[in-house]
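# Here is a sequence with its predicted model. Questions after.
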Number of protein chains: 2
Amino acid sequence: MSQTFDPASLKFDSRGLIPAIAQDHETGEVLMMAWMNAEAVARTLREGRVTYWSRSRQAFWRKGDESGHVQRLVEMRIDCDRDCLLLRVAQTGPACHTNRRSCFFTVLRDGVEVIDSAPLDS
Amino acid sequence: MSQTFDPASLKFDSRGLIPAIAQDHETGEVLMMAWMNAEAVARTLREGRVTYWSRSRQAFWRKGDESGHVQRLVEMRIDCDRDCLLLRVAQTGPACHTNRRSCFFTVLRDGVEVIDSAPLDS
C-alpha cells in the first residue's frame, strides 16, 4: 500500500530547512536554488505554486507574489538522501531578482568570471 | 580589467560549505547536489574533475575515485548571491550511489512517492 507523502519525512538541516533546486520543466535550465521548511513544502504541493522560506526575511516567500514572476509547480522530486528537492517548474518571466531568466548567469571562463546573459526587458 | 576567480570570494555557510548542483552538460538532467568548501572548488577547477566535501566522512570526495563514476567538469557557474554553484558535467555512469543516473529518482505523483528509474546495470 502506498503512503501519502509527509513533508516531515524529509531531512531538514539544523535550521529546519532543505535546499530546493528549481528547473525549467521544458528546457531543463536550472533557474535558482532556494530553501524550504516543511510548511513551505506542504504549501507548494497544496497550491501548485512554489513557496520558499526566505532566510533573510525569515518569512514565507511565495515566488511571484510581489514580482509577478510566478513558479507553477509541475513536478516535485526528492533525492536519495531525502535532503534535497528538485522542483520542475513553469516559470513566468525571470526567476532571478536581477531580472535574468536564471540566477546562474556568471560562468567561469579560463579562470575569469563572465556574465553571459542580460536582464530581460521589463 | 578582469580578475582571476578566487574561491574565497564565494559565500560559504557557517560550516564553510557551499551547495553545488551537478547537471549533465548534454541532456540538462540534474544529477545530484553535494557540498564544496573553498579548497574543493579550487581542486575541481584545477583538475577538471569534480571534488566535493563529504559532510558524513569530513573528507574530500573526488567523485569516481572509488566507484569509477567520474564527473568531468565542463563548466562552473555561480549564482547571483554567490552562495550556490552549478556544475555542468560529463558524468561517467550513474551519479547516484544507488547506481541510478540521477539521485532525484523519487517523484511525487498525486501525493504519493513513486520511484521512476531503475539502477543501471553494472
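Thanks, I have the structure now.

# How about the secondary structure of A:D65?
What DSSP: H, G, I helix; E, B strand; the rest coil gives for A:D65 is coil.

# brain fart, A:A22
strand.

# now swap in the one 4 residues further on and tell me
The three-state label for A:E26, taken from three-state DSSP, comes out as coil.

# what's the closest non-adjacent residue to it?
Spatial nearest neighbour of A:E26, chain neighbours left out: A:A90 (7.7 Å); criterion: CB to CB, 6 or more residues apart in numbering or on different chains. Backbone N, C-alpha and C define where each C-beta goes, glycine included.

# so what does the helix or strand harbouring the one you found touch, helix or strand wise?
A:A90 belongs to strand A:85-91 when assigned by DSSP states H and E. Here strand A:85-91 touches strand A:18-24, strand A:30-36, strand A:71-78, going by 3 or more CB pairs under 8 Å, 6 or more residues apart in numbering or on different chains; DSSP states H and E.

# who's in contact with the residue nearest to A:E26?
A:24-26, A:71-72, A:74 (CB atoms under 8 Å, 6 or more residues apart in numbering or on different chains).

# nearest to chain B, of those?
A:D24 (8.8 Å; CB to the nearest CB).

# and that closest one, bridged to which residues?
A:V89 (DSSP bridges).

# Whether the helix or strand harbouring A:R46 contacts chain B - can you check?
Assessed by DSSP H and E, A:R46 sits inside helix A:38-47. Yes. Helix A:38-47 lies within reach of chain B by CB under 8 Å from any CB of the partner chain, at A:L45.

# Close to chain B: what parts of chain A are there?
Neighbours of chain B within chain A, by CB under 8 Å from any CB: A:2-5, A:19, A:21, A:23, A:27-30, A:32-33, A:45, A:75-81, A:84, A:86, A:96-98, A:100, A:103-108, A:111-113.

# From these, list the buried ones, please.
A:5, A:19, A:21, A:23, A:29-30, A:32-33, A:76-80, A:84, A:86, A:96, A:100, A:103-108, A:113 (16 or more other CB atoms under 10 Å in any protein chain shown).

# Pick out the residue of chain A closest to chain B.
A:G28 (2.8 Å).

# Now do the same contact list for that residue.
Per CB under 8 Å, 6+ apart, neighbours of A:G28: B:23, B:27-29.

# Compute the inter-axis angle for the helix holding A:R46 and strand A:18-24.
30 degrees (axes from the mean of the first three to the mean of the last three CA atoms, to 10 degrees).

# And the average pLDDT for helix A:38-47 is what?
Mean pLDDT, helix A:38-47: 98.

# Centre of the chain to it, how far?
Centroid separation for helix A:38-47 versus its chain: 12 Å, with CA atoms, centre = their mean, to the nearest Å.

# ok, now stretch A:65-83?
5 Å.

# Same question for stretch A:12-22.
That offset, for stretch A:12-22, works out to 11 Å (CA atoms, centre = their mean).

# What's the end-to-end length of it?
Distance between the two ends of stretch A:12-22: 18 Å, counting by CA to CA, to the nearest Å.

# quick one: contacts for A:L87?
Here A:L87 is in contact with A:20-23, A:44, A:50, A:71, A:73, A:75-77 (CB under 8 Å, 6+ apart).
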